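1. Model the following, please.
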Amino acid sequence: MKKRRQFFKTALGAGVATLVPSTIFANPQERKSPLVPLKPKALKKGDTIGLIAPGYAIKPEVLVEAKETLEKMGFIPYHTDRIHGNYGYFSNTDAERVADLNEMFANKKVDGILCARGGYGCTRIMHLLDYELIRKNPKALIGFSDITALLNGIHQETGLITFHGPVGSTINDPYSIEQLQNVVMKSKELPPL
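-> I've put the predicted structure just below:
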């Protein structure tokens, strides 16, 4: 526990976004029933990354930049038209945002999912997620800020290892790119829970 606190102090003090598997935040005593950790496959160049905005809306120019960064990394970015919505400060209605997330997990052509940005709104859609669909279609889900609610909720309900890391609007820096590649593109043994 002491090492974990020191890690967070160091990371937060440096103001850096670091990819962290969601399992370190989960409390196994709070689970309804024991879940076997469900590890998504490692991503590779040529894979399709689905972009979603489950919270705040993303500006069109920021979305273009995120897609360009993913292409430079060797991925194929994909998103539905739902990402272009504006519903107040959200990217779309609650129903449309959850439909986008569920569709990305269901789509066999999508290999991993990157949240385009954080902001508020994820807690409003948690009860609408299709956890059984997610469990049957494990994929790397990456994001931070309000996305943390999705990461932890999905992990708690399905056992899926999710990743606290950059979002599309923050991915365009060498450190984030390197960390994303190190964590989701290299298969590693799961640490004990």
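2. quick one: secondary structure of the most centrally placed residue in the chain?
-> A centroid search over the chain (CA atoms, centre = their mean) returns Ile142, at 2.2 Å, as the residue closest to the centre. Under DSSP: H, G, I helix; E, B strand; the rest coil, Ile142 falls in the strand class.
3. Show me what it bridges to in the sheet.
-> In this structure, Ile142 bridges to Leu114, Phe163 when assessed by DSSP bridges.
4. ok, now which ones touch it?
-> 19, 112-115, 162-167, 180, 184 (CB atoms under 8 Å, 6 or more residues apart in numbering). Glycine gets a C-beta too; all of them are placed from N, C-alpha and C.
5. nearest to Asn102, of those residues?
-> Nearest to Asn102 among the contacts of Ile142, counting by CB to CB, is Ile113 at 10.9 Å.
6. now, which of the contacts of Ile142 sits nearest Leu38?
-> The nearest member of the contacts of Ile142 to Leu38, counting by CB to CB, is Thr162 at 9.9 Å.
7. any low-confidence regions in this protein?
-> Segments of the chain classed as low confidence (criterion: pLDDT under 70) are 1-34, 187-193.
8. would you list every one of the strands in it?
-> Secondary structure of the chain by DSSP state E: the strands cover 20-21, 48-52, 76-78, 112-115, 140-143, 163-164.
9. In TSV, list those along with distance to Leu151.
-> Converted to TSV, the strands of the chain look like this (distance: least, CB to CB, whole Å):
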stretch	distance to Leu151
strand 20-21	9
strand 48-52	13
strand 76-78	20
strand 112-115	9
strand 140-143	7
strand 163-164	6
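10. Put the alpha carbons of stretch 137-146 into CSV.
-> These are the backbone C-alpha positions of stretch 137-146, laid out as CSV (Å, rounded to 0.1, in the frame of the first residue of the first chain):
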residue,chain,number,x,y,z
ASN,A,137,-16.0,-9.5,-26.3
PRO,A,138,-13.0,-8.4,-24.2
LYS,A,139,-11.1,-5.5,-25.7
ALA,A,140,-8.6,-3.0,-24.4
LEU,A,141,-10.5,0.0,-23.1
ILE,A,142,-8.3,3.1,-22.4
GLY,A,143,-9.0,6.5,-20.9
PHE,A,144,-8.8,8.7,-17.8
SER,A,145,-10.7,11.5,-16.0
ASP,A,146,-14.4,10.6,-15.8
